[in-house]
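>>> Sequence and computational prediction follow.
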Amino acid sequence: MGASTKRAVSGGLSEAQGVSEDSLRLYRTMLLIRHFEESVRRLAAAGETPGLVHLCSGQEATNVGVVLALAEGDYIASHHRGHGHCIAKGTPIDLLLAEILGKAPGICGGRSGSMHVVDLPRRNLGTNGIVGGGIPLAAGAALAARARGTGEVAVCFFGDGALNQGLLHECMNMAAIWSLPVIFVCENNGYGEFTAMEDVTAGPSINARGEVFGIPSVTVDGMNVRAVRAATLDALARARAGQGPSFLVCNTWRYGGHHAGDKQDYKDDEETKRWQALDPLITFAKTLVAEKRATEDELALIEEEVARQVKEAVAFARAAPQPALETLELHVHG
């Protein structure tokens, strides 16, 4: 926690106060993502979300550990399971939920749905329905930042299914030879859609995909928000010092299916139980109480506030109007 402690301490706070406030921010953001995703799951079950939605419940520690380590001006590029990245980067949840429901006040005017949310003021290059589609966007943002000399870093998130996409290897190669300030983050939840990773991915080491290009590559406990944050801070320091890209393999688990209606018949029950015991919210809450950074009552109050905030966002999104017909041709380029 040394590096993250230094980032958290400011304004006369003691070191202990700084770490506690920073830890509670990590916890609250993970909790907000979980409540948001479970609300989206219920909306999808009720038929209120146009098309499929892909939820990240279980992967909150990776979402939050990476994004909350970034500076405000740093970029992210996401994938189809990207609501958590958007929330951690600061997209208001009422506008995000309105977008998922296809409503006019949505962050993209109700046009993007769940899989193509873009929030450029917050340097979010978008969720992406194309497997690995955010990887070249982040590489391009990193190249632009290096050309400007402004010190920003770009992060791309992708799942284990993207490990076998050619554009990942092309972008890693370019990032390495040009020393681009980009961090490649694989959220390895073990399944590409409905197929176990080991059935479609050759080779004994995921890290080797980065190592072959000379990119520092590490495996991280993706259910441990502090471990993810520490690895991200190391990668950020390298990138800002002009030392080029890094590759983080964050082993995690999605508690839901590939999409909200997936029954997950292809998963082993015992394996699922083992991962549920590692739930990042439950384990981190226990850690905070054990370290005396919060009491159980204080954590319960945080959850009440988060639940209220999400409930209000759901009410806002449900009541919001559909996009007006006369706006149909806006933002269309042909």
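Looks like it arrived, so ask away. Numbering: from 1, shown residues only.
>>> Helices of this structure, residue ranges please.
Counting by DSSP state H, one finds helices in the chain at the ranges 2-8, 15-45, 60-67, 83-89, 93-100, 134-148, 166-177, 208-211, 225-240, 269-276, 280-290, 296-319.
>>> Make TSV out of those helices and add distance to residue 330, mean pLDDT and mean neighbour count.
In short, each C-beta sits where N, CA and C put it, glycine included. Shown next, in TSV, are these (distance: least, C-beta to C-beta, whole Å; pLDDT from 0 to 100; neighbours: other C-beta atoms under 10 Å):
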stretch	distance to residue 330	mean pLDDT	mean neighbour count
helix 2-8	41	31	15
helix 15-45	26	88	20
helix 60-67	30	98	30
helix 83-89	22	98	26
helix 93-100	15	98	25
helix 134-148	23	97	20
helix 166-177	30	97	18
helix 208-211	41	95	18
helix 225-240	37	98	21
helix 269-276	44	84	11
helix 280-290	40	97	17
helix 296-319	21	98	15
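>>> residues contacting residue 63?
By C-beta atoms under 8 Å, 6 or more residues apart in numbering, the contact set of residue 63 is 30, 33, 56, 84, 85, 87, 88.
>>> Just give me the closest of those residues to residue 169.
residue 85 (22.9 Å; C-beta to C-beta).
>>> Tell me how many other residues crowd the closest residue to the closest one other than its chain neighbours.
The shortest distance from residue 85 to any non-neighbouring residue, by C-beta to C-beta, 6 or more residues apart in numbering, is to residue 78 (4.4 Å). Neighbour count of residue 78, defined by other C-beta atoms under 10 Å: 32.
>>> how much space between residue 78 and residue 137?
9 Å (C-beta to C-beta, to the nearest Å).
>>> Give the intersection of the neighbour lists for those two.
Contacts common to residue 78 and residue 137, judged by C-beta under 8 Å, 6+ apart, are 125, 126, 128.
>>> Filter these down to the buried ones.
Buried members of the shared contacts of residue 78 and residue 137, scored by 16 or more other C-beta atoms under 10 Å, are 125, 126, 128.
>>> from the residues you listed, which has minimum pLDDT?
Lowest pLDDT among these: residue 128, with 92.
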